[in-house]
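[1] I would like the atomic coordinates for the input below:
(chains A and B)
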Number of protein chains: 2
Amino acid sequence: MTNDLLARRARFLGPNVPTFYDSPVHLVRGEGVWLWDAEGRRYLDCYNNVPHVGHCHPHVVDAIARQAALLNTHTRYLHEGILDYAERITAKFSHDLTQIIMVCTGSEANDIALRMAQAVTGKTGLIATDNTYHGNTTAVSQLSTRRPPIGGYPPHIRRVPAPDSLAPLGGSLAAQPQEFAESVARAIAELEAAGHGFAGLMLCPIFANEGTPGIAPGFLDATAKVVRAAGGLILCDEVQPGFGRVGSHWWGHEFLGFAPDVVTLGKPMGNGHPVAAVVTRPDIMAAFREAFGYFNTFGGNPVSCAAASAVLDVIEAEGLVANARDVGAYTTALLGDLDHPAIHDVRGFGLFFAVEFARAGQPAPDIAARVVEAMRERGILLGRGGRAQHILKIRPPMPFSRGNADEVVQNLAAILTEISA
Amino acid sequence: MTNDLLARRARFLGPNVPTFYDSPVHLVRGEGVWLWDAEGRRYLDCYNNVPHVGHCHPHVVDAIARQAALLNTHTRYLHEGILDYAERITAKFSHDLTQIIMVCTGSEANDIALRMAQAVTGKTGLIATDNTYHGNTTAVSQLSTRRPPIGGYPPHIRRVPAPDSLAPLGGSLAAQPQEFAESVARAIAELEAAGHGFAGLMLCPIFANEGTPGIAPGFLDATAKVVRAAGGLILCDEVQPGFGRVGSHWWGHEFLGFAPDVVTLGKPMGNGHPVAAVVTRPDIMAAFREAFGYFNTFGGNPVSCAAASAVLDVIEAEGLVANARDVGAYTTALLGDLDHPAIHDVRGFGLFFAVEFARAGQPAPDIAARVVEAMRERGILLGRGGRAQHILKIRPPMPFSRGNADEVVQNLAAILTEISA
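    All right, here's what the predicted structure looks like:
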């Protein structure tokens, strides 16, 4: 069956379409933190942040079904849905982040964020880390492409070294925040010398794809000063930490304690329904809307707004931010008790966990890979991150419980006893 | 109420967010070709091609609700949904267009199509008409921006004069196809001289945004030869003509009679659910997937595929392509009988109609604008297109009936008697 599906994928989707696991999982059903494959086997989902309030949450499904049966149009007509959602979501932000553009994907949101920085500053230069990912449009993928783009790397983009937990910038975790800020300052100087000028710095506030290396409150203080002094914008991609995942706060930037100029939202926003957004200040919105005549046909349609609004309902009704805080701390402590010589570090930010493997100070992606495959065999789905893919990425749906955490850590412990360092 | 909504839009969405009509319509419900506003007034929808099989079609709503309650994940796991849809939709294409990438919006699809041309050719140069629109990402909007982008117009894009029905390229409608081809040839030569080389030409096969000016089978034959001779690709945006709207065929390029290398699908594909796609040949797909590590989180998710598949079900079960052909011809004939000195031309392509207004050979956008507003007051929603916005754009959902056509044309006739030329 799986082989048949892989053959059909190759036939209809072409080559190099990524799948997870040596033996890809063929899913047929989801509920809460659980997924089932075609043979009836149950998996604990510890990877997917799209089903934020749990797979197939009935409140979200009902909201989608009801609105889809009633009306689905676009924002060139008036509708309360987008306004009610806008009012509700912008109330979750401070720093005058009071206006929104609704789109369909995080990539579309980040594509807009880059243009907002350019519209405000009149400059084109953009900075991101050299180990990040912010999306798949032409403009956004240029921030993170690892293969040389056709026509060469665009000169208005500079990549700065990503924070690293094994080989910290500046030689130590303590020195890393300042060294990161200085590398941003160097990139800004290069962009200005080259005539592009500096428009903005895009980052995930917990550096999720980089493996959350040494991230703690205050990490970006020095960098924020550098960006401000240069007149640029901080574009904060909250696709992974947002919507309460970090537990301590609704947004990753609140946890770190800095004020972004533009925030982008994606994956968790509609629990799987394709909806995303850009939230910003009125002055930035006005500059963007003056410079670009932006319209998105599906963006902010009544069904997307109903889905997104239902997600907020569930987060609030089920106390999922508090759950992320509580179960996050509980899980981080359990992970911290794991005993294996190749565990370099364990980090938790609410319901986002990193278990980093190294040998003699070098990344050990082979161990991370073995763990991911062995966990899949034991019915637990998780993934990897970090520059060397040596860090377990554990990022479950928000209803993840202490019992789920016990199951994960017990299985991890059992697997690690079988893996020599 | 409407004023309150407009004030809330300004507050939460910022300035320059487009609405239709002097007095925007506040919609609350849709069914088939009908929409209702908050005061219970009914409107005949003659504009929206997103609700392709009719607003809130129960078969599509049911498919979305059922799949959303069962499972919604991404393509890194295996699922039949995307494969079944891929098999079904690629069967609607010839010319070896057998592989698909599913995304969320037509903009994302076109953003990929441009990169496919660049991946295949190794060149960057792109051509589009100077009066088109293919989407809102940074890369795609550069094809059609009317405001100078921050940092200036990108040098690898050339805009050729759009076909025109009032002032045809080359001086006559008969000369226009050849003149269009020659302007494409000149743009290719410029791109090659500038060192960008030529990657591809993107167009809508019925030049919908340009107002369908003088389009007929064979229109692109000369252009296709020019593009082939230069080694470039034809990127065919079927967002407007596709899914049977042209009545005579499933796709606009079949009606015109040329073989595109890449086809993009959007708005009608999911009847309002955010789903879109790129369909191409295996050699082009392989080149793209070799050059770009593309993944789209929401693209091809099981719910999107269920929605898209349900749309195909309805098109087939309700014979909507035949209906487009029949009612399209009927409506075109009725529109052709309208008697007003400012009507320069009436054109119909299945259920896509253009009524072009001019005075003394010059576009008369004032008349088109008055008609659109007066029709809205009479409960009929339509829009405008063409370079001067002087052409009525009538593009109803596919279940549009002869009775609906009678209502539209009777009201148009009544309005035109009140408008002096």
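
[2] wait, doesn't A:Ala175 sit right on A:Leu169?
    Yes. A:Ala175 is within contact range of A:Leu169, at 7.2 Å (criterion: Cβ atoms under 8 Å). Just so you know, the C-beta spots here come from the backbone N, C-alpha and C atoms, and that holds for glycine as well.

[3] low-confidence ranges, the stretch 1-150 of chain A, go.
    Counting by pLDDT under 70, the ranges of the stretch 1-150 of chain A that qualify are A:145.

[4] show me the strands in the stretch 301-421 of chain A, by range?
    A:343-348, A:353-359, A:362-363, A:380-381, A:383-385, A:391-394 (DSSP state E, counting those that start in this stretch).

[5] partners of the fourth one, with directions?
    Read that as strand A:380-381. Strand pairing for strand A:380-381, using DSSP bridges, gives strand A:42-45 (parallel).

[6] the helix or strand following the strand it pairs with near chain B at all?
    Downstream of strand A:42-45, the next assigned helix or strand under DSSP states H and E is helix A:58-70. Yes. Using Cβ under 8 Å from any Cβ of the partner chain, helix A:58-70 reaches chain B at A:58, A:60-61, A:64-65, A:68-70.

[7] tell me the contacts of the nearest residue to A:Cys236 once chain neighbours are set aside?
    For A:Cys236, ignoring the flanking residues on the chain, the nearest one in space by Cβ to Cβ, 6 or more residues apart in numbering or on different chains is A:Pro260 at 3.5 Å. A:Pro260 is in contact with A:95, A:97, A:205, A:234-236, A:253, counting by Cβ atoms under 8 Å, 6 or more residues apart in numbering or on different chains.

[8] of the residues of helix A:58-70 next to chain B, keep whichever come out buried.
    Buried members of the residues of helix A:58-70 next to chain B, counted by 16 or more other Cβ atoms under 10 Å in any protein chain shown: A:60-61, A:64-65, A:68-70.

[9] name the nearest residue to A:Asp111, ignoring sequence neighbours.
    Using Cβ to Cβ, 6+ apart, the closest residue to A:Asp111 is A:Thr137 (4.6 Å).

[10] surely the one you found meets B:Asp111?
    Yes. The pair A:Thr137 and B:Asp111 qualifies as a contact (Cβ under 8 Å) at a distance of 5.1 Å.

[11] overlap of the contact sets of the two?
    With contacts taken as Cβ under 8 Å, 6+ apart, A:Thr137 and B:Asp111 have B:137, B:139 as neighbours in common.

[12] who has more neighbours out of these two?
    B:Asp111 (30 against 26; other Cβ atoms under 10 Å in any protein chain shown).

[13] how far away is the residue nearest to A:Cys236 from A:Arg228?
    12 Å (Cβ to Cβ, to the nearest Å).

[14] per-residue confidence for the residue nearest to A:Cys236?
    On pLDDT, A:Pro260 comes in at 98.

[15] do A:Asp164 as well
    Reading off the model, A:Asp164 has pLDDT 96.

[16] so it touches A:Ala388, yeah?
    No. With contact defined as Cβ under 8 Å, A:Asp164 does not count as touching A:Ala388 (9.7 Å).

[17] now A:Gly54, nearest residue through space, not along the chain?
    Nearest non-adjacent residue to A:Gly54 (Cβ to Cβ, 6+ apart): A:Gly32, at 4.2 Å.

[18] list the contacts of the one you found.
    With Cβ under 8 Å, 6+ apart, A:Gly32 has these contacts: A:54-55, A:57, A:397, A:399.

[19] got it, and A:Ala208?
    For A:Ala208, the contacting residues are A:240-241, A:352, A:385, A:393, by Cβ under 8 Å, 6+ apart.

[20] go again using 6 Å as the cut-off
    A:Gln240 (Cβ atoms under 6 Å, 6 or more residues apart in numbering or on different chains).

[21] hang on, it in a helix?
    No. Secondary structure of A:Ala208 (DSSP: H, G, I helix; E, B strand; the rest coil): coil, not part of a helix.

[22] per-residue confidence at it, what does it come out as?
    96.

[23] which stretches of chain A form helices?
    Using DSSP state H, the helices of chain A run over A:2-13, A:58-70, A:80-90, A:106-121, A:138-141, A:176-193, A:221-229, A:252-256, A:282-291, A:302-317, A:320-336, A:365-377, A:402-418.

[24] can you dump the C-alpha atoms of the third one in PDB for me?
    Yep, that's helix A:80-90 we're talking about. C-alpha atoms of helix A:80-90 as PDB (Å, rounded to 0.1, in the frame of the first residue of the first chain):
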ATOM      1  CA  GLU A  80     -17.900  41.100  10.000                       C
ATOM      2  CA  GLY A  81     -15.800  38.000  10.000                       C
ATOM      3  CA  ILE A  82     -12.400  39.600   9.200                       C
ATOM      4  CA  LEU A  83     -13.200  42.600  11.500                       C
ATOM      5  CA  ASP A  84     -14.200  40.500  14.500                       C
ATOM      6  CA  TYR A  85     -11.100  38.400  14.100                       C
ATOM      7  CA  ALA A  86      -8.900  41.400  13.500                       C
ATOM      8  CA  GLU A  87     -10.200  43.100  16.700                       C
ATOM      9  CA  ARG A  88      -9.700  39.900  18.700                       C
ATOM     10  CA  ILE A  89      -6.200  39.000  17.500                       C
ATOM     11  CA  THR A  90      -4.700  42.500  17.500                       C
END
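
[25] hang on, the earlier thing: and the strands of the stretch 301-421 of chain A: which comes nearest B:Pro302?
    B:Pro302 lies closest to strand A:380-381 among the strands of the stretch 301-421 of chain A, at 16.5 Å (Cβ to Cβ).

[26] how close does A:Leu320 sit to chain B?
    18 Å (Cβ to the nearest Cβ, to the nearest Å).
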